[in-house]
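Enquirer: have a look at this prediction, sequence included:
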Amino acid sequence: MKIVLDTFAWVEYFTNPKRGKIVEDYLAANEIFTPEIVLIELSCKAAREGWDFDKCLNFIKAKSSIVSFSETLIKNVGGIYIKLKEKSPNISLADAIIYTTTMLCGAMILTGDKHFKGLEKVLFLE
């Protein structure tokens, strides 16, 4: 199965042994994708909390395919963002980019972010 890991999932992997094990199981058995925006969010969190971001980044690059911003993503994210805002008014543009990446990859998203709850193509960490 194709799985997009969002920022929430990667943070859980690196910081929460219980949920991290769930994420690890997905890493072992699926084709994993990480959107560039997730790396940017993780870089900010690492700087704020004193993580070794280089170590995390190297691991993510070894375990997943990094999905760059593409013209197709750029063209589609606006419409998807508007539709997502109708269902989840507080969803961020970054979340919309991650969700759009998920749709364009033909994947499921692994997350625990409450903004994705109830959307299709979501595997929710609980």
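Expert: Arrived safely.
Enquirer: only C-alpha atoms for contact and neighbour calcs from this point on.
Expert: Noted.
Enquirer: please report how far Lys114 lies from Lys87.
Expert: Using C-alpha to C-alpha, to the nearest Å, one gets 12 Å for the distance from Lys114 to Lys87.
Enquirer: check Glu24 too.
Expert: Using C-alpha to C-alpha, Glu24 is found at 30 Å from Lys87.
Enquirer: and if you look at Leu42?
Expert: 26 Å.
Enquirer: so for those two, which sits in the more crowded spot?
Expert: More neighbours surround Leu42 than the other of Leu42 and Lys87, with 21 against 14 (other C-alpha atoms under 10 Å).
Enquirer: can you report how many residues lie near the residue lying closest to Leu125 once chain neighbours are set aside?
Expert: Closest residue in space to Leu125, ignoring its immediate chain neighbours: Gly112 at 4.7 Å, by C-alpha to C-alpha, 6 or more residues apart in numbering. If you count neighbours by other C-alpha under 10 Å, Gly112 ends up with 19.
Enquirer: Gly112 against Trp10, yeah?
Expert: No. Contact criterion C-alpha atoms under 8 Å: Gly112 and Trp10 do not qualify, at 10.3 Å.
Enquirer: got the contact list for the residue nearest the centre of the chain?
Expert: Central residue of the chain (C-alpha atoms, centre = their mean): Asp6, 1.3 Å from the mean position. For Asp6, the contact set (C-alpha atoms under 8 Å, 6 or more residues apart in numbering) comprises Thr34, Pro35, Val38, Ile98, Ile109, Leu110, Thr111.
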